[in-house]
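> Here's a sequence, model it:
(chains A and B)
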Amino acid sequence: MSPLEELENTYLEARQDPKFQAELDDLLHNYAGRPTPLYYAKRLSEQLGGARIYLKREDLLHTGAHKINNCLGQALLAKRMGKKRIIAETGAGQHGVATATVCALFGFDCTVYMGEEDMRRQRLNVFRMRMLGAKVVGVTNGSRTLKDAISEAMRDWVTNVSTTHYLLGSALGSHPYPLMVREFHRVIGVEAREQILGREGRLPDAIFACVGGGSNAIGIFHPFLHDDGVQLIGIEAGGRGKGLGEHAARFEGGSPGVLQGAYSYLLQDDDGQISLTHSVSAGLDYAMVGPEHAYLYDNGRAEYTSVEDGAALIGAQTLSRTEGIIPALESAHAVVEAIRRAPAAKGQVFIVNLSGRGDKDIDIYRENLKEMDQA
Amino acid sequence: MSRITGLFERLKTEGKTALVAYITAGDPTPDHTDRLVAALERGGADLIELGVPFSDPIADGPVIQRAGDRALRAGTTLKRVLEIAAQIRKRSEVPILLFTYLNPVLRYGLEKLAIDAAAVGIDGCLLTDASVEEAETYIKVMQEHGLDTVFLAAPTSSPRRLDLLAKYSRGFVYLVSRTGVTGEQASMSNLVAPLVKAVRERTSLPLAVGFGVSKHEHFEELAKQVEGVVVGSAFMRLIEEFRDDPRLETELEQFTRSLKGL
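Presented below is the predicted three-dimensional model:
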């Protein structure tokens, strides 16, 4: 608890400090590459013949996903707290790479916990982290995925708390993490709002974002919360079926519970044991959704649905071939939901948060999309 | 007076320190646990912490994680743990503290658990991952049903938290000997003495120290400072080693005795 109090105090103080904000803004602009474009996907939109679809290009950020926004913010906080070492968990490896990157940039010692199953399916990112000087520790407990990596990172943190900052990568865990991670990603929605007003002269009708823990989604949703006409749609991993253990659709298949310091919708069995989850996308393969999404679900402000593995793979291919953009498998879930709704939404404006790029998923695309090995 | 309070009062008059024994219920199977607890008692365990296995035990090191996995695979549920407690209570008056993560309790129902736990003769409850700041309902419900509420105080706990822990603890206060998770270690950390002092300033409840205690020298050293010493992973390591071996009960009994130097 005390480390959480220290972190909360440091964060709340830093937030009021113009020097902190200026340093973060400079890094976001000159190092990470903000603002990211809001790109009108003309060919995709015309093919579907309905809504005008815009892509918020977080995939163009340094390291290839939105994760760097939060990592830069927390790295500055770690520096402020005088920590020498940073640890993190990672699922798809995007947060791990972003963490390894900021650690290299700031000179922190870096350890990333990653489930062995995820190391196998996202091995490119494992090598990227090692190239950046991080130590990647494989986790063999439980499902060997994100949930187990978080538990292992928490165990490390409580053991080495005086020297170490835990750079949690999603809007999950105990306060202040869900608040802080949201605030560091809020820039996505702030930019998108200004950009769409500039392009269309009005707000969008709907915003789509994939939801694992939910950091990219809460980042783009938050600045639109009070715009009642803007539908907020979160997309979870529908996996390969409706049975417990076959997906990571927490709203559809879960119920409120406590895991890793948060109370939110959770996939669990009748005895309160946490269920195994499945998604072809490592970044969405987690048993709990971030608590602020639970709040938005309960009060009806946001809507949550799921997209299954097969559709996400096809959606990624569709986007690649119509727009020349290979999305991360996570982001492909959001693309698919927009594609499904677009034909019936003529005259509407959609924004899809394209939270990451697909380089890391090439092995999976290759395994699943047969034509990739054709000469 | 609860069995836990009664135990510490009796040991105080005898000038002795309680050996608090943690065991994961259901490891290797639910049918083993009562017999293993009996062996711990014969060896001199004074209080039993009955651990409810959980799929994601963030406060535990690898030994207790593996114990929990085995217990879950053997079909152990919170309901089954309560049956095990009833079995123990039928033959023994040893104080029993239910040691659990929060989620299985929420799923079972807090009030229902308090009623059922009290009915089977459990004396108190420790929720490893509930923060004392948010535990008001839990404390109220447990105490209404006569169950002691035990909380963990860590070397990193702030003065404000220690105040709350002291205020809401019943039975005893569980001090964590170091930063980190459960598991054995070579020597006790130097963080214990200042923590003991800080908690004593706030409460007259008995104190027990755990995390990393695995041998007689630890017990001796801590017995000079506190009223109870908790051992867990060292027992679970033995259970893991012997599993179905008929010598397990004798081994547990002897090891327990050796901890106390008997």
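
> Helices of chain B, start to end?
B:3-14, B:30-43, B:62-73, B:78-91, B:102-108, B:110-120, B:136-144, B:159-168, B:192-200, B:216-223, B:233-242, B:248-260 (DSSP state H).

> Tell me how far the first one lies from the chain's centre.
Put plainly, it is helix B:3-14. Distance of helix B:3-14 from the chain centroid (Cα atoms, centre = their mean, to the nearest Å) equals 16 Å.

> So which bits of that helix are buried?
B:3-5, B:7-8, B:11 (16 or more other Cβ atoms under 10 Å in any protein chain shown). Just so you know, the C-beta spots here come from the backbone N, C-alpha and C atoms, and that holds for glycine as well.

> What helices and strands are in contact with the longest helix seen in chain A?
Counting residues, the longest helix in chain A under DSSP H turns out to be helix A:177-200. The contact analysis (3 or more Cβ pairs under 8 Å, 6 or more residues apart in numbering or on different chains; DSSP states H and E) places helix A:177-200 against helix A:2-15, strand A:38-40, strand A:52-57, helix A:68-80, helix A:215-221, helix A:291-298, strand A:349-354.

> would you list these in JSON lines and tack on mean neighbour count?
Listed next are these as JSON lines, based on neighbours: other Cβ atoms under 10 Å in any protein chain shown:
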{"stretch": "helix A:2-15", "mean neighbour count": "16"}
{"stretch": "strand A:38-40", "mean neighbour count": "18"}
{"stretch": "strand A:52-57", "mean neighbour count": "26"}
{"stretch": "helix A:68-80", "mean neighbour count": "24"}
{"stretch": "helix A:215-221", "mean neighbour count": "31"}
{"stretch": "helix A:291-298", "mean neighbour count": "20"}
{"stretch": "strand A:349-354", "mean neighbour count": "28"}
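
> Which residue, neighbours along the chain excluded, lies closest to residue A:278?
Nearest non-adjacent residue to residue A:278, counting by Cβ to Cβ, 6 or more residues apart in numbering or on different chains: residue A:239, 4.4 Å away.

> For the one you found, give me its contacts.
Applying Cβ atoms under 8 Å, 6 or more residues apart in numbering or on different chains to residue A:239 gives the contacts A:246-249, A:277-280, A:308-309.

> from the residues you listed, which single one is nearest residue B:17?
residue A:277 (45.2 Å; Cβ to Cβ).

> show me the contacts for that closest one.
A:143, A:145, A:147, A:237, A:239, A:245, A:247-248, A:267, A:285-287.

> Any figure for the gap between whichever residue of chain A sits closest to chain B and residue A:86?
Nearest to chain B in chain A, going by Cβ to the nearest Cβ, is residue A:272, at a distance of 3.1 Å. Residue A:272 is 32 Å from residue A:86, where distance means Cβ to Cβ, to the nearest Å.

> between the buried residues of helix B:3-14, which is nearest residue A:346?
Distance to residue A:346, by Cβ to Cβ, is smallest for residue B:4 among the buried residues of helix B:3-14, at 69.8 Å.

> Give me the pLDDT for that closest one.
Looking at residue B:4, its pLDDT stands at 98.

> still on that earlier bit, check the burial of the residue of chain A closest to chain B by counting its neighbours.
Around residue A:272 sit 24 other residues, with neighbours defined as other Cβ atoms under 10 Å in any protein chain shown.

> Please name the nearest non-neighbouring residue to it.
Closest to residue A:272 by Cβ to Cβ, 6+ apart is residue B:107, at 3.1 Å.

> Whichever residue of the stretch 101-250 of chain B sits closest to chain A: neighbouring residues, count only.
With Cβ to the nearest Cβ as the measure, residue B:107 is the residue of the stretch 101-250 of chain B nearest to chain A, at 3.1 Å. Neighbours of residue B:107 under the rule other Cβ under 10 Å: 21.

> ok, it - contacts?
So residue B:107 contacts A:257, A:268, A:270-272, B:78 (Cβ under 8 Å, 6+ apart).

> now residue B:12
B:206, B:227.

> any idea how far it is from chain A?
Per Cβ to the nearest Cβ, to the nearest Å, residue B:12 is found 31 Å from chain A.

> Next, the residue lying closest to residue A:4 once chain neighbours are set aside: phi, psi?
Among residues not flanking residue A:4 along the chain, residue A:174 sits closest, at 5.5 Å (Cβ to Cβ, 6+ apart). Taking degrees, to the nearest 10, you get phi -80, psi 160 for the backbone angles of residue A:174.

> check contacts around residue A:174.
A:4, A:261-262.

> do the same with residue B:210
Neighbour list for residue B:210: B:20, B:22, B:174-177, B:182, B:229-232 [criterion: Cβ under 8 Å, 6+ apart].

> if we go to 6 Å?
Residues counted as contacts of residue B:210 (Cβ atoms under 6 Å, 6 or more residues apart in numbering or on different chains) are residue B:230.

> Beta-bridge partners for it, please?
Under DSSP bridges, the beta-bridge partners of residue B:210 are residue B:176.

> Let me know the pLDDT of it.
92.

> Okay, it and residue A:342: tell me how far apart.
58 Å.

> cool, and residue A:81?
The gap separating residue A:81 from residue A:342 is 46 Å, by Cβ to Cβ.

> Tell me which of these two has more neighbours.
residue A:342 (23 against 15).

> For the more buried one, give me its contacts.
Applying Cβ under 6 Å, 6+ apart, the residues near residue A:342 are A:48, A:50-51.

> How about residue A:168?
By Cβ under 6 Å, 6+ apart, the neighbours of residue A:168 are residue A:177.

> And stretch B:134-148, what's buried?
Of the residues in stretch B:134-148, B:135, B:138-139, B:141-142, B:145, B:147-148 count as buried by neighbour count, 16+ other Cβ under 10 Å.

> How far away from the center of its chain is it?
18 Å.

> And stretch B:215-225, by the same measure?
Remark: stretch B:215-225 is offset 17 Å from the chain centroid, using Cα atoms, centre = their mean.

> contacting residues for residue 76?
All of this refers to chain A. The contact partners of residue A:76, taken as Cβ under 6 Å, 6+ apart, are residue A:24.

> Chain B is the one I meant
B:26, B:30, B:53.

> Relative to residue B:102, how far out is it?
Distance, residue B:76 to residue B:102, by Cβ to Cβ: 17 Å.

> What is the nearest of the contacts of residue A:239 to residue A:19?
Checking the contacts of residue A:239 against residue A:19 with Cβ to Cβ, the nearest one is residue A:248 at 40.1 Å.

> so what's the closest one up against?
So residue A:248 contacts A:237, A:277, A:279, A:284-285 (Cβ under 6 Å, 6+ apart).

> Mark which of those are buried, thanks.
Using 16+ other Cβ under 10 Å as the burial test, the contacts of residue A:248 include A:237, A:277, A:279, A:284-285 as buried.

> Tell me what residue A:353 is bridged to.
Residue A:353 has the following beta-bridge partners by DSSP bridges: residue A:56.

> For it, list the residues it contacts.
Each residue near residue A:353 by Cβ under 6 Å, 6+ apart is listed here: A:56, A:209, A:216, A:220.

> re the thing from before, mind checking which of the contacts of residue A:277 land in helices?
Short answer: these in helices (DSSP H) are residue A:147.

> Turn the contacts of residue A:277 into JSON lines, including pLDDT.
Output for the contacts of residue A:277, formatted as JSON lines (pLDDT from 0 to 100):
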{"residue": "A:143", "pLDDT": "79"}
{"residue": "A:145", "pLDDT": "87"}
{"residue": "A:147", "pLDDT": "90"}
{"residue": "A:237", "pLDDT": "98"}
{"residue": "A:239", "pLDDT": "97"}
{"residue": "A:245", "pLDDT": "94"}
{"residue": "A:247", "pLDDT": "97"}
{"residue": "A:248", "pLDDT": "97"}
{"residue": "A:267", "pLDDT": "98"}
{"residue": "A:285", "pLDDT": "92"}
{"residue": "A:286", "pLDDT": "94"}
{"residue": "A:287", "pLDDT": "96"}
